[in-house]
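**Student:** Prediction below, plus the sequence it came from.
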Amino acid sequence: MYYIIASGAIIVALIFWIISVQRTLVVMDENINNAMSQIGVQVSSRWDMLTSLLELTRGYVEHEYKTIKEIIQARRSITKDSSPDDVIKQENIIDEVKEKIIEVAERYPDLKTDSSYIKTMNAVDQYEKMVSTSRLIYNDSVTKLNRAIRMFPTSIAAGILGFSSRKYFEAGGSKGSYAQ
């Protein structure tokens, strides 16, 4: 009888432990998803600011306007299910569009000194800084999850529950890549 009670207590304790681990890992996973969503919002805001910048160039050079507008219209949004790779691709396109807009502004000093152009360019740069900050938060969340699922005995429960390591963003500018 004692063995049955002891076995039952161990099974109940194990079930409660697995539930606790699952809840903890879900919270960590959701923190990562939230961080990616924040990055998506900021990348989208950068696109909006670039679109505004583009509208300022329209009166100067119609051909460049059409080319850049096509690039912007072909963009894809970042969601919580996106990977660091998806964000990097978007940021590379954003950097390309930004460079083209800057090239146009360099050819037209009136545009380059226009207060609306300057304010909008500053907003683009501000959103870029916000993406960098969000990357730090994302990487911190990934570190916590990856550390938890690699440590024994949580690694056993994580494997059973289907949790796996997430990829990091590498430090650096928006043209960076990610590490595993």
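**Tutor:** Yes, it's here. Numbers count the residues shown, from 1 in each chain.
**Student:** contacts, neighbours, all on C-alpha from now
**Tutor:** Will do.
**Student:** ok, then the element right after the helix or strand harbouring Trp17?
**Tutor:** Using DSSP states H and E, Trp17 maps to helix 2-57. Sequence-wise, the next helix or strand beyond helix 2-57 is helix 62-73, with elements assigned using DSSP H and E.
**Student:** Run the angle between that following helix and helix 2-57 for me.
**Tutor:** What separates the directions of helix 62-73 and helix 2-57 is an angle of 170 degrees, with axes from the mean of the first three to the mean of the last three C-alpha atoms, to 10 degrees.
**Student:** Mind checking the pLDDT average for the next helix or strand after helix 62-73?
**Tutor:** Next helix or strand after helix 62-73 toward the C-terminus (DSSP H and E): helix 84-107. pLDDT averaged over helix 84-107 equals 84, rounded to a whole number.
**Student:** Would you indicate which residues of helix 84-107 are buried?
**Tutor:** Using 16 or more other C-alpha atoms under 10 Å as the burial criterion, the residues of helix 84-107 that qualify are 84-85, 87-91, 93-94, 97-98, 100-102, 104-105.
**Student:** That helix vs helix 62-73, what angle?
**Tutor:** Inter-element angle recorded for helix 84-107 and helix 62-73: 170 degrees (by the same axes, to 10 degrees).
**Student:** What is the subsequent helix or strand relative to helix 84-107?
**Tutor:** With DSSP H and E setting the assignment, the helix or strand that follows helix 84-107 is helix 109-113.
**Student:** Check which residues of the next helix or strand after that next one are buried.
**Tutor:** Once helix 109-113 ends, the next helix or strand along the chain (criterion: DSSP H and E) is helix 115-150. Taking 16+ other C-alpha under 10 Å as the basis for neighbour counts, the residues of helix 115-150 that come out buried are 117, 120-121, 123-124, 127-128, 130-132, 134-143, 145-146, 148-149.
**Student:** What mean pLDDT does the helix or strand following helix 115-150 get?
**Tutor:** Counting by DSSP H and E, the next helix or strand C-terminal to helix 115-150 is helix 154-161. With pLDDT averaged residue by residue, helix 154-161 scores 91.
**Student:** Check whether Tyr127 really touches Ser44, as I assumed.
**Tutor:** No: the pair Tyr127 and Ser44 does not pass the contact test of C-alpha atoms under 8 Å, sitting 9.3 Å apart.
**Student:** Okay, now the unreliable bits of this structure?
**Tutor:** The model of the chain has pLDDT under 70 over residues 74-81, 171-180.
**Student:** Recalculate using a threshold of 50.
**Tutor:** Applying pLDDT under 50 to the chain flags the ranges 172-180.
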